[in-house]
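J.: kindly generate the corresponding structure for this input.
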Amino acid sequence: MILDLVPSTNPILKQVCELFNFESPQCDPDKLARDLKDTMIAKGGIGLSASQVGLPYRVFVAGDPKDPDNIHAFFNPKIVDITGDMVLMEEGCLSYPGLFVKIKRRESVRVRYADPRGEVTTEVFDEIPSRVIQHEYDHLDGIVYFTHANRYHLDAAKRQKKKLDKRRKSNYNILNKR
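T.: Here you go, the predicted model:
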């Protein structure tokens, strides 16, 4: 099922999420993983946390939407190591559509997480997957991605979004006058 994203003003986006309890599950973990994956794909994302759909659990999915079989579900993830150079790259977020901000993140993470069956594994992710995991992990701690940006990059991104929003509105008005 495709879930609705909460508005960017929803306080859940800035709260620390609770652990998913496999002993007494708050919901069906398989269904939650499937719904997050389906929603992420439908919304055109490469990652999605449970908090973005209004669920306060430490769960997210990440992966290439063109390769759904390789989208991972991360329950109760813990970043156990973060290495490599700091890499500056543009990031977006489904909760803040159209706001693409340059952010520095490490190029590699080692993360311990459970799958929907509760089986724990530790894995290393590099480059884009590493960045997505760091971004989604921040969501679980109530940290919004653009708080990592310096003022210059954030202001530039906001100006660009404003310009694009204005252009979209203008195009919308032109199309509706026909």
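
J.: what's the mean pLDDT across the lengthiest helix in the chain?
T.: If you go by DSSP state H, the chain has its longest helix at helix 151-176. The average pLDDT for helix 151-176 rounds to 86.

J.: buried stuff in that helix?
T.: His153, Leu154, Ala157, Lys161 (16 or more other C-beta atoms under 10 Å). From N, CA and C alone the C-beta is placed, and that goes for glycine too.

J.: let me have those in a markdown table, adding distance to Leu13 as columns.
T.: Listed next are the buried residues of helix 151-176 as a markdown table, based on distance: C-beta to C-beta, whole Å:
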| residue | distance to Leu13 |
| --- | --- |
| His153 | 20 |
| Leu154 | 17 |
| Ala157 | 18 |
| Lys161 | 17 |
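
J.: what packs against the least confident helix or strand in the chain by mean pLDDT?
T.: When each helix and strand of the chain is scored by mean pLDDT, DSSP states H and E, helix 151-176 comes last, with a mean of 86. Other elements packing on helix 151-176 under the criterion 3 or more C-beta pairs under 8 Å, 6 or more residues apart in numbering; DSSP states H and E are strand 101-114.
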